[in-house]
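1. Give me the fold of what follows.
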Amino acid sequence: QVQLVESGGGLVQAGGSLRLSCAASGRTLNWYAMGWFRQAPGKEREFVAAIGWTSSNTYYGDSMKGRFTISRENAKNTVYLQMNNLKPEDTAVYYCAADAKPFRQRVEVAADFGFWGQGTQVTVSS
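-> Residues are numbered from 1 along each chain as shown. Presented below is the predicted three-dimensional model:
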């Protein structure tokens with residue numbers, strides 16, 4: 001059983017930065033693509049970023065490009081999301097997710113992720 005635990009959320013002013021972490025337990029995730037999604041109140045879940053199992057490929061939602069960076073530290077079974085120049089519209093619950101299948105590089109659809117964390121709240125004030 002894989003467990004994902006997000007941390008690092010909080011309240012920040014517009015233009016500020018936050019770094020989210022996602023720690024995995026129960027199984028090594030070294031061979032699995034990892035992703036971040038977010039969901040704001042009353043809105044659909046939105047793709048934020050993903051990283052392939054070899055870390056050589058990263059993908060971002062259009063509004064996150066140039067501001068967010070996803071990375072992974074396999075030795076710690078942890079994935080990070082560095083968020084810079086935050087905007088009020090980035091306010092949401094952010095979820096970490098692990099690919100359901102190993103050895104894939106590009107995974108961006110929520111249905112392809114088999115394991116999810118409980119989420120961490122990010123609030124950006126104007």
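2. Only C-alpha atoms from now on, for both contacts and neighbour counts.
-> Fine.
3. Would you mind listing where the protein has pLDDT under the threshold?
-> For the chain, applying pLDDT under 70 flags no range at all.
4. Please list all residues in contact with the most centrally placed residue in it.
-> Of all residues in the chain, the one closest to the mean position by CA atoms, centre = their mean is Trp36, 2.3 Å from it. Trp36 sits next to 47-50, 81, 94-97 when contact means CA atoms under 8 Å, 6 or more residues apart in numbering.
5. ok, Met83 - how many residues close by?
-> 19 (other CA atoms under 10 Å).
6. got the contact list for the nearest residue to it once chain neighbours are set aside?
-> With sequence-adjacent residues excluded and distances taken as CA to CA, 6 or more residues apart in numbering, Met83 is closest to Phe68, at 4.5 Å. By CA under 8 Å, 6+ apart, the contact list for Phe68 reads 60, 81-84.
7. top of the residues you listed by neighbour count?
-> Neighbour-wise, the contacts of Phe68 (other CA under 10 Å) top out at Leu81, 23 neighbours.
8. I'd assumed it was in a strand, is it?
-> Yes - checked against DSSP: H, G, I helix; E, B strand; the rest coil, Leu81 lies within a strand.
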